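[1] Kindly return the folded structure for what I paste below:
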Amino acid sequence: MSQDNYTKNNQIEEDSIDVIALIKTCWVARKFILKIVLFFTVFGLCIALLSKNYYTASTTIVPVTQGESVGGNLSGLASLAGINLGGASSSGGEISPALYPEVVTSIPFKLELLNTKLKVNSQDTLVTYKQYYQEFYKPGFLAGVKKYTIGLPGLIISSLKNEPKEILANKNSNTIINLTKEDFELIEQLDQQISLNVNDKEGFISLSVTLPEAEASAQLTLKAQELLQQYALNFKTQKSKEQLTYIEQRFAEKKQEFDDKKLKLALFQDQNNAINTAVAKTRLLQLQSDYDLAFTVYTELAKQLETQRLQVKKDTPIFTILKPVTIPNEKAGPKRALILVVFVFLGFVVSIGFIFFKDFLKNIKKDWDKA
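    Residues are numbered from 1 along each chain as shown. Modelled structure (predicted):
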């Protein structure tokens, strides 16, 4: 037992000696540590002061379908118990919450945002997002340094590649979209500026856009919200609208046919006030039969037309705006104090790591010379 206590005491003493040695090493090199920390502090301060401000506008919406009802929910619960309530199921075609992020990241969605007109401080007239970043936006000193230092290899590689030819992107889904180099870069930039969060549990969607200017960020957020709603509406009502269009076409045809039959019957009756022959009576019966059939078909299509119009309204989603888009009054970044703290800590870590790495190399060299 005493041997165990002796071993533990030796281990504690060795640990204490190591900690003291580490502290002593740092104390001896305190001037070097201070210089490195001071350098990183100045560097971090420059980055914090030279970084451009950016603003974030956001909105929160709740998509609600008119066809959803308590009866539909009860039908779903009853089906789990093997009970069929009948007639309470939804029309289908519900847009999944997981599809909203896919819509936001889709190329047609981004191309429409590129052409969104924004109000920027440096211009009296509205300019599109694409024009703003290609003609008016000034990224600042740090962005230029980063582009021609860290991003220099990428610039060289991209300059050696063949630039894609410009082809007009059609909204038709059957058309292949070929982007220009500038559009592709702007779309990648939009991916970093737009954020969409879907809360499946609570059933709401949060959409936010970050831009260098406050009013422009709010305008682009509003446009993104409208496009998202339009895409969801088109997806949800596509099938019922196609059916409505088909019924409207058939209704127009049968209405014209019904009007023709009605006119023929009326003309025959006017021309034959006193029908005495069997042929005239047979002709009248035939015209009356054609009229009755056309009227029946016309009436049935009219009913189907009204029913389908109601179905389209039922399938049309309603978006409740919980948090409307507002122009941000305060900047979202950069967090200058946080940047400064991070660089001070980074400078301390780098200086300590360099000191111990240097001592480690010295020890290796001594062991090498002794061997």
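[2] got the end-to-end distance for stretch 44-62?
    Start-to-end span of stretch 44-62 (C-alpha to C-alpha, to the nearest Å) is 42 Å.
[3] quick one: it to chain centroid distance?
    Relative to its chain's centre, stretch 44-62 lies at 19 Å (C-alpha atoms, centre = their mean, to the nearest Å).
[4] quick one: average confidence on stretch 111-130?
    For stretch 111-130, the mean per-residue pLDDT is 90.
[5] Touching that stretch from outside, list them.
    Stretch 111-130 is contacted by residues 132, 135-136, 169, 177, 182-183, 186-187, 190, 194, 213, 215-216, 219-220, 223-224, 227 when judged by C-beta atoms under 8 Å, 6 or more residues apart in numbering. Placement of C-beta: from N, CA and C, glycine included.
[6] repeat for stretch 348-364
    Stretch 348-364 has contacts (C-beta under 8 Å, 6+ apart) with 25-26, 29, 32-33, 35-37, 40.
[7] Between those residues, which sits nearest Ala57?
    When the contacts of stretch 348-364 are ranked by distance to Ala57 (C-beta to C-beta), Phe40 comes first, at 33.9 Å.
[8] Where does that closest one fall, secondary structure wise?
    In the assignment (DSSP states H and E), Phe40 maps to helix 30-50.
[9] do the same with Thr56
    Element membership for Thr56, per DSSP H and E: strand 55-65.
[10] Which strands and helices lie in contact with that strand?
    In terms of contacts (3 or more C-beta pairs under 8 Å, 6 or more residues apart in numbering; DSSP states H and E), strand 55-65 is packed against strand 204-211, helix 214-271, strand 317-323.
[11] Was I right to think Ala224 contacts Val209?
    Yes. If you go by C-beta atoms under 8 Å, Ala224 and Val209 touch, sitting 6.3 Å apart.
[12] Overlap of the contact sets of the two?
    Common contacts of Ala224 and Val209 (C-beta under 8 Å, 6+ apart): Ile194.
[13] Narrow the contacts of stretch 111-130 to just the buried residues.
    Buried by 16 or more other C-beta atoms under 10 Å: 132, 169, 183, 186-187, 190, 194, 213, 215-216, 219-220, 223-224, 227, out of the contacts of stretch 111-130.
[14] now Leu322: how far from Val297?
    48 Å (C-beta to C-beta, to the nearest Å).
[15] So those two - more neighbours on which side?
    More neighbours surround Val297 than the other of Leu322 and Val297, with 17 against 13 (other C-beta atoms under 10 Å).
[16] and the more buried one, that one's in a helix?
    Yes. Assigned with DSSP: H, G, I helix; E, B strand; the rest coil, Val297 falls within a helix.
[17] who's in contact with it?
    Counted by C-beta under 8 Å, 6+ apart, Val297 has contacts 254, 258.
[18] Which per-residue confidence value corresponds to it?
    Note on Val297: pLDDT of 92.
[19] and if you look at the one 3 residues further on?
    Looking at Glu300, its pLDDT reads 93.
[20] Could you report the distance from the one residue sitting closest to the centre of the chain to Glu112?
    A centroid search over the chain (C-alpha atoms, centre = their mean) returns Val104, at 2.6 Å, as the residue closest to the centre. Val104 is 11 Å from Glu112, where distance means C-beta to C-beta.
[21] Likewise for Ile176?
    Applying C-beta to C-beta, the value for Ile176 to Glu112 is 18 Å.
[22] Check Gly203 too.
    Taking C-beta to C-beta, one finds Gly203 at 26 Å from Glu112.
[23] what about these two, which has more around it?
    Neighbour totals were compared for Gly203 and Glu112, and Glu112 leads with 18 against 11 (other C-beta under 10 Å).
[24] For the more buried one, I want the exact helix or strand it lies within.
    helix 107-114.
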